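K.L.:
Build me a model:
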Amino acid sequence: MLFSYEASDKDGVSSKGEFEAENKAAVVAFLEKKNLIPVTINEIGVSESGGGLSSHLFETVKPLDRILLVRNLSAALKAGLGLGESLDILIVDSTKNLIRNILSQAKINLENGQPLSQTFATFTKHFPPVFVGMLRAGEFSGKLDTTLEELSTYLSREYNLAKKIKSALAYPIVLLVAATGVIMLLLTFVLPQLAKTLKQSKVKLPLITQIFVNLGALINQNYFIDIAVVGLIIWFFLYFRKTTLGRKVFMRISFRTPVVKELVKKVALVRLTRTLSSLIGSGVSIVESLKLTAESVSNDYYKNALLESVEEVQKGIPFSRTFKNYPDLFPRFLTSLMVVGEKTGTLEHVLRTFADFYDEEVDNTLKDLTAILEPVLLLGMGVIVGSIALSVLLPIYQLVGSFR
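P.N.:
From the prediction side, this is the model:
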């Protein structure tokens, strides 16, 4: 929540300002730390994380926006500008109102004594925990410019990984949509017209033709039901998979599909090792790094393994040893390298090297997956379209034969 306040010091000099906090009590605590006496505190807005309506309801901070934001802020700090001056420049240069307002709020909070990471932490919808964690580590170590550069590299690699996966799956999806369109056209237009002609000729329809004609009639019967079915399918894939049950269902299916399983594991390992490497390199503790990585890995199997390893690490057990308890998730190659990295103090470098290596493996697995998907989709759609074509040709052949 965003509050405006008026306060006075012991000499009676009043001051006004704005402060973002969870409630009024937090604002009072902030003022007391500055030896100020609250006079009035008023709520003036709802932060983005509060879920309220705002003028930026349909705006989002995209991955590329985060990369540019971090990269520009790092460049400004390396040029010798102060954090406040750097934020002023970014506010002026921002093309999105949402980012401009977030940075403006960060500037206000900075002037009120709040660290930069605290502001971004309130916008959980737009800035993931890893982003905030690395910023906090940079502020704590006094090397914010270096940490921002590391964060920029991390975000860029994550963006490229996601883009790589989307690009590889684009052609199979287009092929599936096009084939579905052809099938719907045959079922809803071609077959019904043919059925009318055949009924007038009193030709008995073959079983396969009757099945497809009935299916086409069902689709044409009620468009509201069709829309509801399509909406249900879209909901299943877009919303249900985000629920706890949905994630478990999709993850279980993924881990039982041969090539998909390897791709999911390698993508998770790339993200896990790269995130851990970036956090450790930024000065975040091992325990905190494991927690933040668990929140960002977006794979429940690896998330649970990381959270369980946190408990082991807190007992003094090296987390490379805890990973050995999950041979299906963490390859022996990785755990062996981590043992060496922990002993030699080069764990960050080891994790980064593994992430780069598996990044190439993701490329190879994606090629294998698309190489399998394309003929499978073509074969499946060919069978369906061929069956429909057969259902069209059989009654025509019977009709022609009846005139002989």
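K.L.:
can you tell me which strand in the protein is longest?
P.N.:
Looking across the chain with DSSP state E, the single longest strand is strand 37-45.
K.L.:
which stretch of helix or strand covers the residue lying closest to residue 205 once chain neighbours are set aside?
P.N.:
Among residues not flanking residue 205 along the chain, residue 395 sits closest, at 5.6 Å (CB to CB, 6 or more residues apart in numbering). C-beta coordinates here come from the backbone N, C-alpha and C atoms, glycine included. Element membership for residue 395, per DSSP states H and E: helix 347-402.
K.L.:
Mind checking the pLDDT average for that helix?
P.N.:
What helix 347-402 shows for mean pLDDT is 82.
K.L.:
Tell me the helices and strands packed up against that helix.
P.N.:
If you count contacts as 3 or more CB pairs under 8 Å, 6 or more residues apart in numbering; DSSP states H and E, helix 347-402 packs onto helix 144-185, helix 191-200, helix 207-221, helix 258-281, helix 332-344.
K.L.:
Export the ones you listed as JSON lines, with columns for mean pLDDT, mean neighbour count and distance to residue 3.
P.N.:
Below are these laid out as JSON lines (pLDDT from 0 to 100; neighbours: other CB atoms under 10 Å; distance: least, CB to CB, whole Å):
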{"stretch": "helix 144-185", "mean pLDDT": "85", "mean neighbour count": "16", "distance to residue 3": "27"}
{"stretch": "helix 191-200", "mean pLDDT": "77", "mean neighbour count": "14", "distance to residue 3": "64"}
{"stretch": "helix 207-221", "mean pLDDT": "81", "mean neighbour count": "16", "distance to residue 3": "56"}
{"stretch": "helix 258-281", "mean pLDDT": "86", "mean neighbour count": "22", "distance to residue 3": "32"}
{"stretch": "helix 332-344", "mean pLDDT": "87", "mean neighbour count": "16", "distance to residue 3": "46"}
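K.L.:
got JSON lines for these, with distance to residue 71 too?
P.N.:
Converted to JSON lines, these look like this (distance: least, CB to CB, whole Å):
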{"stretch": "helix 144-185", "distance to residue 71": "5"}
{"stretch": "helix 191-200", "distance to residue 71": "56"}
{"stretch": "helix 207-221", "distance to residue 71": "51"}
{"stretch": "helix 258-281", "distance to residue 71": "15"}
{"stretch": "helix 332-344", "distance to residue 71": "28"}
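K.L.:
ok so, going back, next one: the helix holding residue 395 to chain centre, how far?
P.N.:
25 Å (CA atoms, centre = their mean, to the nearest Å).
K.L.:
close enough to count as contact, residue 78 and residue 143?
P.N.:
No: using CB atoms under 8 Å, residue 78 is not in contact with residue 143; the gap is 11.2 Å.
K.L.:
if we can go back for a sec, could you check the angle helix 191-200 makes with the helix holding residue 395?
P.N.:
20 degrees (axes from the mean of the first three to the mean of the last three CA atoms, to 10 degrees).
K.L.:
gap between the helix or strand where residue 231 lies and the chain center?
P.N.:
Per DSSP H and E: residue 231 is located in helix 223-238. Mean-position distance between helix 223-238 and its chain equals 23 Å (CA atoms, centre = their mean).
K.L.:
after that helix, next one along is what?
P.N.:
helix 244-254.
K.L.:
what comes up buried for that following helix?
P.N.:
Residues of helix 244-254 classed as buried by neighbour count (16 or more other CB atoms under 10 Å): 247, 250.
K.L.:
Report the secondary structure element holding residue 5.
P.N.:
Using DSSP H and E, residue 5 maps to strand 2-8.
K.L.:
Please name the strands paired to that strand in the sheet, noting orientation.
P.N.:
Paired neighbours of strand 2-8 in the sheet (DSSP bridges): strand 14-20 (antiparallel), strand 37-45 (antiparallel).
K.L.:
Now do it: distance to the chain's middle.
P.N.:
Once both centres are worked out by CA atoms, centre = their mean, strand 2-8 turns out to sit 37 Å from its chain's centre.
K.L.:
before we move on, back to that, and the direction of the helix holding residue 395 versus that of helix 207-221, what angle?
P.N.:
Using the same axes, to 10 degrees: helix 347-402 against helix 207-221 is 110 degrees.
K.L.:
Just the angle for helix 347-402 relative to helix 332-344, thanks.
P.N.:
Using the same axes, to 10 degrees, helix 347-402 lies at 160 degrees relative to helix 332-344.
K.L.:
what's the residue closest to the geometric middle of this structure?
P.N.:
residue 298 (7.7 Å; CA atoms, centre = their mean).
K.L.:
does that residue count as helix, strand or coil?
P.N.:
coil (DSSP: H, G, I helix; E, B strand; the rest coil).
K.L.:
Make sure I have this right: residue 125 is in a helix.
P.N.:
No: secondary structure assignment places residue 125 outside any helix; it is coil (three-state DSSP).
K.L.:
residues near it, how many?
P.N.:
A total of 13 residues lie near residue 125 under the criterion other CB atoms under 10 Å.
K.L.:
ditto for residue 117
P.N.:
A count of neighbours around residue 117, defined by other CB under 10 Å, yields 20.
K.L.:
wait, it sits on residue 135?
P.N.:
Yes: with contact defined as CB under 8 Å, residue 117 and residue 135 form a contacting pair (3.9 Å).
K.L.:
relative orientation of whichever helix or strand comes after the longest strand of the chain and helix 144-185 in degrees?
P.N.:
Reading on from strand 37-45 to the C-terminus, the next helix or strand found by DSSP H and E is helix 63-78. Computed with the same axes, to 10 degrees, the direction of helix 63-78 lies at 170 degrees from that of helix 144-185.
K.L.:
Now do the buried residues in helix 63-78.
P.N.:
Neighbour-count burial for helix 63-78 [16+ other CB under 10 Å]: 65-77.
K.L.:
Quickly name whichever of the residues you listed is closest to residue 155.
P.N.:
When the buried residues of helix 63-78 are compared for distance to residue 155 (CB to CB), residue 67 wins out at 4.8 Å.
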